[in-house]
Each structure stands twice: as C-alpha cells, then as structure tokens.
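> Below: sequence and its predicted model.
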Amino acid sequence: MNNLFSLEGKNAWITGAAYGIGFAIAEAYVKAGAKNIIFNVRSQEACQKALDAYHAAGINNVHGYVCDVTDEVAVKALVEKIHQEVGQIDILVNNAGIIKRIPMHEMTRAEFQQVIDIDLVAPYICAAAVVPEMMERREGKIINVCSMMSELGRETVSAYAAAKGGLKMLTRNICSEYGEYNIQCNGIGPGYIATPQTAPLREPQADGSKHPFDSFICAKTPAGRWLDPEELAGPAVFLASKASDAVNGHILYVDGGILAYIGKQPK
Ligand code: NAP
Ligand code: GCO
C-alpha cells in the first residue's frame with residue numbers, strides 16, 4: 001500500500017519553494033522518497049537563504065535556481081538547465097504566488113496585472129515548458145496551488161481571486177488536453193494557512209488583542225483555527241504519486257472545512 005504513495009526516484013520542481021507552503025511540500029516529498037527537489041526564487045540571496053534552510057532541515061538532495069516564473073525565456077532556459085544538471089522533471093508544483101490586498105477601485109492596472117502574471121500566467125508558462133517531455137515519456141504530474149479564492153470572493157483581493165479562479169480552469173484544461181498522455185494535472189486549494197503571505201492578517205492589534213481577521217477565520221473554519229503548511233503534506237504527496245493516477249482535473253481543497261460551512265451562528 002505504501003508503494004502507492006511513494007515518490008522514490010522522482011524529481012520534483014516546486015516553484016517559489018523557499019519557505020511557506022512550497023517548503024512544506026518539498027519536505028513532504030523528500031519524506032515520501034523523492035530523489036531530487038528543485039526550486040527557484042527571484043534572487044541569489046533568497047536562493048542561498050533557502051538552500052541553507054533545506055540543509056538545516058537535513059535535506060541535501062535539493063537544487064536551487066534563480067528564475068522569475070513570469071519570465072518565459074528564463075523559465076525555458078531553467079527547464080533545460082534542470083534536464084542537464086538534475087534530470088527529468090517528473091512532478092511540477094506551481095506554488096509561487098503573491099497577493100495584493102487593495103480595494104479593486106483603488107488598484108492600478110499594473111498591480112492587477114502583476115498578480116495575474118505571477119499567479120495565473122506563470123503556471124501556464126511553467127506547465128507549457130515541462131509538458132513536452134512529459135508527453136514523450138507518457139507520464140507526469142502537475143499540481144497547481146489554488147486557493148479558497150478559486151471559489152470565493154472577498155473584499156480587496158479581486159486580482160488574486162481572478163487569478164486563482166483562472167488557475168482552477170487552467171488545471172481542468174491541462175487535464176483535458178494532456179490526459180491522454182498519462183499526465184495528471186490537479187490543484188490543491190489550501191484554506192487559510194499560517195505563512196508569511198497571511199502574516200499581516202494574524203498580527204495582534206496594538207492593544208494586544210487578536211486581529212479581527214484572525215478571529216473571523218477561526219469562526220469561519222469548522223476546525224476553528226488556521227492550518228499549518230505541514231498539513232498540506234498528505235494531499236500534496238497523494239497528488240504527486242501513483243495513488244492519484246486516475247484523479248485528473250480535480251481541485252483538492254485542504255481548508256479545515258471552510259467551503260462546506262455557512263459560518264458560526266451568532267450567539
Ligand atoms: P509565501 O509564504 O508568500 O511564499 C511564496 C513564494 O513564492 C515565495 O518564496 C516567493 O518568493 C515566491 N515567489 C513569488 N513570486 C515569484 C516569482 N515571480 N518567481 C519566483 N518565485 C516567486 O506564500 P505561501 O503562503 O507559502 O503561498 C504559496 C502558494 O500558496 C501561493 O500560490 C499562494 O497564493 C497559495 N496559497 C496560500 C494560502 C495561505 O493561506 N498562505 C492559501 C491558499 C493558497 P519571494 O520571497 O521572492 O517573494
Ligand atoms: C486573503 C488571504 C487568502 C489566502 C488563501 C485562501 O487575503 O484572503 O491571503 O487569499 O492566502 O489564498 O485560500
């Protein structure tokens with residue numbers, strides 16, 4: 001049974017896996033037997049810092065590169081380099097992402113576009129760069145990190161919701177287009193996870209009380225709490241392993257039950 005979930009011999013490229021969710025997925029893949037972890041970030045300094053963090057966590061089969069996922073030419077060159085220096089890419093996790101919390105009517109077009117570029121266009125760029133070799137081998141796993149905002153909206157996150165909603169459909173389309181080559185493309189939809197991205201929403205108030213958004217999320221989540229990045233480990237391994245070979249175009253929400261819940265009734 002364990003073999004079904006084994007990643008033995010597999011190389012996984014996880015974009016933006018310097019910390020947060022990407023790092024937790026990388027750790028999980030190593031525990032599941034992955035041969036090599038490949039990640040990319042935007043600067044040499046961030047790359048070295050991340051490599052130090054991996055080594056400190058006892059992970060040495062890791063390869064860090066500097067590459068902005070929105071730069072199509074650089075991504076294609078990176079994929080070539082990975083092939084030469086590490087080997088084939090068995091698993092791609094489109095994890096790199098940003099959010100801007102700005103009311104839509106105050107947001108500039110450039111700000112909106114930047115979120116779309118990183119959160120939606122880049123997963124297309126990275127997937128398109130790895131699909132040809134996966135087609136040739138007739139095997140591959142692509143996992144797109146979606147969001148609650150693939151399904152729900154809220155104030156100030158219009159660009160992010162538009163991108164993550166689009167990413168859900170890109171996931172279904174990659175499945176539709178390449179399923180016949182034994183390529184599975186699925187999404188993980190994390191709920192509210194305690195990472196640097198969500199740190200501003202959890203910062204205590206000046207008087208020491210909880211941030212109102214922190215209380216709001218705890219009330220909105222049946223689990224009654226924020227989730228930890230490590231809680232994505234099982235679903236991320238499942239979607240990268242043989243165990244999910246017949247699962248395609250699916251978004252696996254890992255949200256402590258948010259999407260199933262109408263919210264706590266007022267006392
Ligand atoms: P995070 O802590 O902010 O980490 C995001 C990573 O992506 C960072 O390493 C960042 O590097 C990298 N990155 C951003 N833009 C990049 C680019 N253009 N090229 C290469 N790397 C880039 O975020 P996280 O919370 O772990 O989120 C990871 C993914 O999960 C994102 O797609 C996010 O939208 C999604 N997600 C998060 C949550 C949550 O509650 N935290 C929930 C649902 C979905 P820099 O240091 O250079 O910025
Ligand atoms: C926000 C949050 C979210 C989460 C996550 C939810 O401001 O509402 O940042 O968007 O990061 O994507 O699943």
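Structure's in. What do you need? Ligands and ions are numbered 1, 2, ... in the order given.
> So what does the residue nearest to Leu227 when sequence neighbours are not counted have for phi and psi?
In space, and not counting its chain neighbours, Leu227 is closest to Ile193: 5.1 Å by Cβ to Cβ, 6 or more residues apart in numbering. C-beta coordinates here come from the backbone N, C-alpha and C atoms, glycine included. According to degrees, to the nearest 10, the main-chain angles of Ile193 amount to phi -110, psi 140.
> hang on, Glu231 is in a helix, isn't it?
Yes. The assignment for Glu231 by DSSP: H, G, I helix; E, B strand; the rest coil puts it in a helix.
> Go ahead and confirm it touches Val254.
Yes. Using Cβ atoms under 8 Å, Glu231 is in contact with Val254, at 6.7 Å.
> ok, then the element right after the longest helix anywhere in the chain?
Secondary structure of the chain per DSSP state H: the longest helix is helix 158-178. Sequence order places strand 183-190 as the next helix or strand after helix 158-178, per DSSP states H and E.
> Which neighbours in the sheet does that following strand have, and how are they oriented?
Applying DSSP bridges, strand 183-190 is found paired with strand 140-145 (parallel), strand 251-254 (parallel).
> is it possible to export those strands to JSON lines including distance to ligand 1?
Listed next are the strands paired with strand 183-190 as JSON lines, based on distance: least, Cβ to the nearest ligand atom, whole Å:
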{"stretch": "strand 140-145", "distance to ligand 1": "4"}
{"stretch": "strand 251-254", "distance to ligand 1": "9"}
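> so which of those strands gets nearest Ala127?
Ranking these by proximity to Ala127 (Cβ to Cβ) places strand 140-145 first, at 5.4 Å.
> Give the buried residues for the closest one.
If you call a residue buried by 16 or more other Cβ atoms under 10 Å, then strand 140-145 has these buried ones: 140-145.
> what's the most distant pair in the residues you listed?
Once Cβ to Cβ is applied, these give Gly140 and Val145 as the farthest pair, at 17.0 Å.
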